[in-house]
Each structure stands twice: as structure tokens, then as C-alpha cells.
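J.: got a predicted structure plus its sequence, pasted below:
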Amino acid sequence: MLYLAIAIAILPAMHGHVGLDGKDGAVVVVDTDSRFDTERLAEIVMGHVREKGSEHSKTLAQKQEQGRRQDAAVPHSKVGSHLVPQDGEPEHSLSSSARTDDLQPSDDVTELSNRDSSGRPFQFVEDDYKKLLKTALQHVHVLRPQSLESLAATMQSLPAYLYDTAAHPSSGRVLHSVMLDSASAFYFQAKAEEENARVGVATHLSSDPDLGMRDPTGETIITVRRPQIPPYQRLASQLRTIQQQFGCIVMYTSWSIPVRTDPAFSGFRKLPMSRPLLHSSSFNLPTLRLQLSRAVVPPFAPAMSVEEAMGERNERQRVSDQGLFHAVIDARGSDGWSREVREGVRAIGSHTMTKFWITDESVRVDPLA
């Protein structure tokens, strides 16, 4: 889903006469899990563009067919650039710019709406895809911090980097979003630091005798320090500052822990229950959370025979190969939703399950009704 969000963020709104629904912006990806794949992003971008191109072609074909049906429903004969009324019809005339039967199919209303600025027919060829892809990918900035300290330093220096017009080609674009994948990468390191901060003691391995008090092994140095802001509270504050400074969207992923029951999802038996590692108390950042999960293939019935199981194997594999996933709004933390968020959730339904498909070529989201 992040790849699709990036694709929409960096693509233009239009390419020729094809609507791409793009935002023509720049994106910063903070890849703490080292999973970001540029080739996969290119596949998703190309898949999105091709899908929009296909939709455009279908729309043109439908308009063309509709135009032909309308023409067939109006009986007339032509003389020059005017229409001559049939017997019994009132006499009238149309200007020479009106559609007549002497126009070639390639010059019909549909084709005229599909021309470029020079008046030539627009064609969406493979070279256009590649040029569009190359331009768009220049505005994806990938950062890979390897620790909590590195992540904090990255967030601290990000505004200076973005404002440096010589450092990147995106100075002419707005920052659409900052995407953190994942926020929970350093969760256990953060918990350890929080515990150390709580007791006011930190343990370091060093051989420098001037750093503090040496224990009998000669290796561990015990130093006392004042309690610090919990790491994830600091990260949330930094992301909030960047969001306010650039007016951008902040998206992040988080690991989840499977749980047996969850009252917030009592109505959803099709979704596996899980609890995010990052609670709102420690990472009070998101406006809205989505729980994503792969479609569950029901287990074999206990009394099913081997032959019956083998008979269902192909169907089960087909369902799995479809790459169907579900997204549903996570109602946990709804007490902190703003009025605008509550109204938006109410409009689409808090228990609305959105389907999306992840394949080798693209990511396709089922639009909400």
C-alpha cells in the first residue's frame, strides 16, 4: 500500500489526456526496516499508469460507441456542410462544425477529444511510460537510519535537507508525505532506553577510564544521567513538527501482535485479531489507523478426507494467488478522534472493509461505494 501511495504522490495529475490522479509532489521514505525496493516501486508506478491508460481507452471507446448510436438514431441526408430535413421534419440547418456522415471515423468527436496540444492524435506508448517513470522516481528520497539515535538525527536534519535546492531535484515540488516504514523497527531498543531513563542509569561498554565508574571486570562503565524524553514521544514530536512545517501527510507502518479477542473488532470474524506494538500512550501521532490483513482461507474441515482436501487444493491456491487483502479502520483510540475524523469515519462507515489486491504488476484498491 505504501508503494501505491508513493506512486500517486509523485505522478502528475494528467499525462496528455490521461488522468493519473497523481499529486505531482515529492516523498520522503524513512526505511528503518531496510525493505524498500526501488524496482518494486517502479512496477507499481507502471502498473498504476497502465491501469489509468486502459481506463482512458475504455472511456474513449464508450464515448465513440455512444456517438455512433446517437448518429444512427437521427435520420438525415447530407448536402455539403448542412443537413437537409427529411419529409415531414421542420426545416433547420447546422453549421459546418457539426458532426456529419462525411467525417472519417478517426476524426469523430471522441478522437478530437484525444489530441495533444499540437492537434495530433495522442498516443500513450511505452516510451512515454519510461520517461514518466524516470521523472517521477527522481522525487522519492529514501533515508535509512540504523538506530534510534540515527532516526532522531535524521528527523532533525530533514528540513535543512529539503530546503537545500542544490541537494535534490524536488525543490520545485511540494512535499506530499513522509513515510516511515516501520515506526516499530527500534521498539525493543526504545523500551530498553525508556527503562534506563526511568531509573536514571545507563550502561555502556567502554575501555575509557574517564567515562565513569569502572566495575570489577574492567569493561562496564556505569554513568548516571537525568531522565530523558521517551524515544517514541520524541519521534512523534519531530514528525508532528515536520508535518506542520511542510503541510504534508505523515504515514507509518507498525508491527502488530496477534491476539485472541478484541472488542473493537468483535463484528469482524474474517479479520485476524491483532494489537499494534505502538500504543497511543507511547506514540500519540496518528489521526487514523488502518488494520491490514491478507484474506483468510478457511482451514480444512476436521472430518474432510484426503481426497476432498486434494479436490479443494486448486481452488484454495487460486484464492491465495489473487493476492486479496482487507483494510478496516482501527477503532482503538477513537476517543481521541477530532470532529472532522469522526464525521469522515461515519460517512464511510466505521466497520467498512475495503478490499485491495496485490499482484506482481500492480496494487488495485476496490473503491468505496
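T.: Perfect, thanks for sending it.
J.: hey, let's count contacts and neighbours off CA atoms from now on
T.: Noted.
J.: show me what contacts H168?
T.: Listed by Cα atoms under 8 Å, 6 or more residues apart in numbering, the contact set of H168 reads L162.
J.: please repeat the previous calculation with a cut-off of 10 Å.
T.: Counting by Cα atoms under 10 Å, 6 or more residues apart in numbering, H168 touches Q138, H139, V140, H141, Y161, L162.
J.: show me what counts as buried in stretch 52-60.
T.: Using 16 or more other Cα atoms under 10 Å as the test for burial, stretch 52-60 gives K52, G53, H56, L60.
J.: nearest to V296 among the residues you listed?
T.: Of all the buried residues of stretch 52-60, V296 sits closest to K52, with 29.4 Å by Cα to Cα.
J.: right, and that closest one touches L20 too?
T.: Yes. Counting by Cα atoms under 10 Å, L20 is a contact partner of K52 at 5.9 Å.
J.: which residue ranges of the stretch 151-300 of the chain form strands?
T.: 175-181, 201-205, 213-214, 220-224, 249-252, 256-258, 274-276, 290-294 (DSSP state E, counting those that start in this stretch).
J.: would you single out the least confident of those strands?
T.: Ranked by mean pLDDT, these bottom out at strand 201-205, which scores a mean of 47.
J.: which SSE is the closest residue to V140 other than its chain neighbours in?
T.: Nearest residue to V140 in three dimensions, chain neighbours excluded: V27, at 5.0 Å (Cα to Cα, 6 or more residues apart in numbering). Using DSSP states H and E, V27 sits within strand 26-31.
J.: likewise for N314?
T.: Here N314 sits within helix 306-321, counting by DSSP H and E.
J.: give me the contact list for that helix.
T.: Counting by Cα under 10 Å, 6+ apart, R294, A295, V296, V297, P298, P299, F300, A301, S305, W357, I358, T359 sit against helix 306-321.
J.: moving C-terminal of that helix, what's the next helix or strand?
T.: strand 324-329.
J.: what is the orientation angle of that next one with strand 290-294?
T.: Angle of strand 324-329 versus strand 290-294, following axes from the mean of the first three to the mean of the last three Cα atoms, to 10 degrees, is 160 degrees.
J.: pLDDT at F300, what is it?
T.: Reading off the model, F300 has pLDDT 77.
J.: count the neighbours of the closest residue to it other than its chain neighbours for me.
T.: Nearest residue to F300, sequence neighbours excluded (Cα to Cα, 6+ apart): A309, at 7.0 Å. Residues near A309, counting by other Cα atoms under 10 Å, number 13.
J.: A309 and Q322, how far apart?
T.: Separation of A309 from Q322 (Cα to Cα, to the nearest Å) stands at 20 Å.
J.: for the helix or strand hosting T59, buried residues please.
T.: Element membership for T59, per DSSP H and E: helix 38-72. By neighbour count with 16+ other Cα under 10 Å, helix 38-72 contains the buried residues 41-50, 52-53, 56, 60, 64, 67.
J.: which of those lies closest to K131?
T.: Distance to K131, by Cα to Cα, is smallest for M46 among the buried residues of helix 38-72, at 10.9 Å.
J.: how about the closest one, what does it touch?
T.: Counting by Cα under 10 Å, 6+ apart, M46 touches A7, R40, K52, Y129, K130, L132, L133, E361, S362.
J.: per-residue confidence for it?
T.: What the model reports for M46 is a pLDDT of 91.
J.: again, but for D366
T.: On the pLDDT scale, D366 is placed at 80.
J.: that one contacts K355, doesn't it?
T.: Yes. Between D366 and K355 there is a contact at 5.4 Å, judged by Cα under 10 Å.
J.: higher neighbour count, these two?
T.: A count of neighbours by other Cα under 10 Å puts K355 above the other of D366 and K355, at 19 against 11.
J.: nearest residue to W357 other than its sequence neighbours?
T.: Closest residue in space to W357, ignoring its immediate chain neighbours: L324 at 4.6 Å, by Cα to Cα, 6+ apart.
J.: which one of the contacts of H168 is nearest to R346?
T.: Closest to R346, out of all of the contacts of H168 and judged by Cα to Cα, is V140, at 33.7 Å.
J.: nearest residue to Y163 other than its sequence neighbours?
T.: S171 (7.2 Å).
J.: right, I mislabeled it, should have said H48
T.: Nearest to H48 is S362, by Cα to Cα, 6+ apart, at 6.5 Å.
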